[in-house]
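Engineer: Here is a sequence together with a model predicted from it:
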Amino acid sequence: MLPSVDVHRHLLGVWHMMTGRREGIKLLDISVDGFWNSFYAIIVALPVMLAGWASLAVELSPADSSAAGRFGLVLRMALVDLSAWILPLIGLALVANLIGIRDRFIHYVVATNWGTALFAWFMLPTNLLRLFWPGGEDLAVTLALMIFLASLVLSWRLTNSALAKGPAVASGVFAAMLLASMMVLFGFQDLLGVPPIQ
């Protein structure tokens, strides 16, 4: 696991990039080691993601389901979300040279991994709301939608900053990665029998 000071530096760097300060990329380790270390962002995001999976498992499971059944659902949701995080990056690696971003691929992956961890923590209020106030479902859905929309804007800005190839290339990569993530998400939900979130 990376030292907490390095985690903080990377999260601060991607936040700077999301808020229009391109120099934030200087806070990221864009070496080959930094590329592989950026996947520690999954561990950073895991506590809040686990809270989300747990709250959704309670919400989506039948009232008479067992603890083992809910735990199984949590595991399946984890596989769905982690696949939607990692598989599109593998797909991008395969076409990075063809679309002209090979020289910025590591920058993009490092920034995206740490950015995704930050976005996961943005969802903490929604997850806590679902866990501790089951009657507040409408508020939780509204809050989740607002955070999702804000995350899309910030994610585009992060992509644009990481690629440094102009808004047109950033928009194309952003749209393709969003579509790929959604396809993996829905495909794995169907494959693993995860109920759709209402």
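Structural biologist: Great, that's in hand. Numbers count the residues shown, from 1 in each chain.

Engineer: which residue packs closest to residue 55, ignoring adjacent ones?
Structural biologist: Once flanking residues are discounted, residue 55 sits nearest to residue 130: 3.6 Å by CB to CB, 6 or more residues apart in numbering. The C-beta positions use only the backbone N, C-alpha and C, and glycine is treated the same way.

Engineer: What's the first helix or strand after the helix or strand where that neighbour lies?
Structural biologist: For residue 130, the enclosing helix or strand under DSSP states H and E is helix 124-132. Next helix or strand after helix 124-132 toward the C-terminus (DSSP H and E): helix 137-163.

Engineer: Next, the angle from that following helix to helix 124-132.
Structural biologist: Orientation of helix 137-163 against helix 124-132 (axes from the mean of the first three to the mean of the last three CA atoms, to 10 degrees) gives an angle of 150 degrees.

Engineer: what's the following helix or strand after helix 137-163?
Structural biologist: Following helix 137-163 in sequence, per DSSP H and E, is helix 167-192.

Engineer: quick one: average confidence on that following helix?
Structural biologist: Here helix 167-192 scores 95 as its mean pLDDT.

Engineer: One more: stretch 51-69?
Structural biologist: Mean predicted confidence for stretch 51-69 is 77.

Engineer: what separates residue 185 from residue 163, distance-wise?
Structural biologist: According to CB to CB, to the nearest Å, residue 185 stands 23 Å off from residue 163.

Engineer: So if I had to pick from these two, which one is more boxed in?
Structural biologist: The residue with more neighbours, out of residue 185 and residue 163, is residue 163; 22 against 18, by other CB atoms under 10 Å.

Engineer: Surely that one touches residue 170?
Structural biologist: Yes. Residue 163 is within contact range of residue 170, at 5.4 Å (criterion: CB atoms under 8 Å).

Engineer: what residues are up against the residue most central in space within the chain?
Structural biologist: The chain has residue 116 as the residue nearest its centroid, 3.5 Å off, counting by CA atoms, centre = their mean. By CB atoms under 8 Å, 6 or more residues apart in numbering, residue 116 lies in contact with 41, 45, 85.

Engineer: Would you enumerate the residues in contact with the second one?
Structural biologist: For residue 45, the contacting residues are 116-117, 120-121, by CB under 8 Å, 6+ apart.

Engineer: now do 7 Å
Structural biologist: Going by CB atoms under 7 Å, 6 or more residues apart in numbering, residue 45 touches 116-117, 120.

Engineer: Sort out for me which of those residues are in helices.
Structural biologist: Residues of the contacts of residue 45 located in helices (DSSP state H): 116-117, 120.

Engineer: need these in a markdown table with distance to residue 66 and pLDDT, can you?
Structural biologist: Listed next are these as a markdown table, based on distance: CB to CB, whole Å; pLDDT from 0 to 100:
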| residue | distance to residue 66 | pLDDT |
| --- | --- | --- |
| 116 | 32 | 96 |
| 117 | 32 | 96 |
| 120 | 28 | 93 |
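
Engineer: Looking at these, which one is closest to residue 65?
Structural biologist: residue 120 (25.7 Å; CB to CB).
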